[in-house]
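>>> Please work out how this folds:
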Amino acid sequence: MKDKEIAEILEKENEEFRRICQEHKNLGEALKKIDKNRHLTSEEELERKNIQKQKLLKKDQMAALIRGYKKGHQN
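Numbers count the residues shown, from 1 in each chain. Sure, this is the predicted structure:
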């Protein structure tokens, strides 16, 4: 089973996965909002980097849940 298929299953069945996905999406939207500015202040640049780190952490958490699903559903 492919990761995308597992993600779809987890999104339906796993509250934690849904929450992490929503947070990842929200962070992506916040990043797009910041990126609309042509010139970022040093504070905005720091905020952008923090959002990127948080977004990556959420992606890692989703990947870990997918790996856990695979491990628990091996043939």
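>>> where does Arg38 land on pLDDT?
Looking at Arg38, its pLDDT stands at 88.
>>> Report how many residues lie close to it.
5 (other CB atoms under 10 Å). The way it works is simple: take the backbone N, C-alpha and C, and place the C-beta from them, glycine included.
>>> what about it, which SS state?
coil (DSSP: H, G, I helix; E, B strand; the rest coil).
>>> start the count at 3, not 1, going forward
All set: I'll call the first residue 3, so the last point we hit is now Arg40.
>>> who's in contact with it?
Not one residue lies near Arg40 by CB atoms under 8 Å, 6 or more residues apart in numbering.
>>> what's it sitting at in phi/psi?
With angles defined as degrees, to the nearest 10, Arg40 sits at phi -70, psi -50.
>>> How much space separates it from Ile11?
Here Arg40 is placed at a distance of 42 Å from Ile11 (CB to CB, to the nearest Å).
>>> and if you look at Arg50?
Applying CB to CB to Arg50 and Ile11 gives a distance of 33 Å.
>>> likewise Met64?
For Met64, the distance to Ile11 - CB to CB - is 13 Å.
>>> out of the two, which sits in the more crowded spot?
Just comparing Met64 and Ile11: by other CB under 10 Å the higher neighbour count belongs to Met64, 20 against 14.
>>> So which elements touch the helix or strand hosting the more buried one?
Per DSSP states H and E, Met64 falls inside helix 44-74. Using 3 or more CB pairs under 8 Å, 6 or more residues apart in numbering; DSSP states H and E as the contact test, the elements touching helix 44-74 are helix 5-15, helix 17-37.
>>> which other residues reach the first one?
Taking contacts as CB under 8 Å, 6+ apart, the residues outside helix 5-15 that touch it are 19-20, 23, 64-65, 67-68, 71-72.
>>> Fine by me, thanks again.
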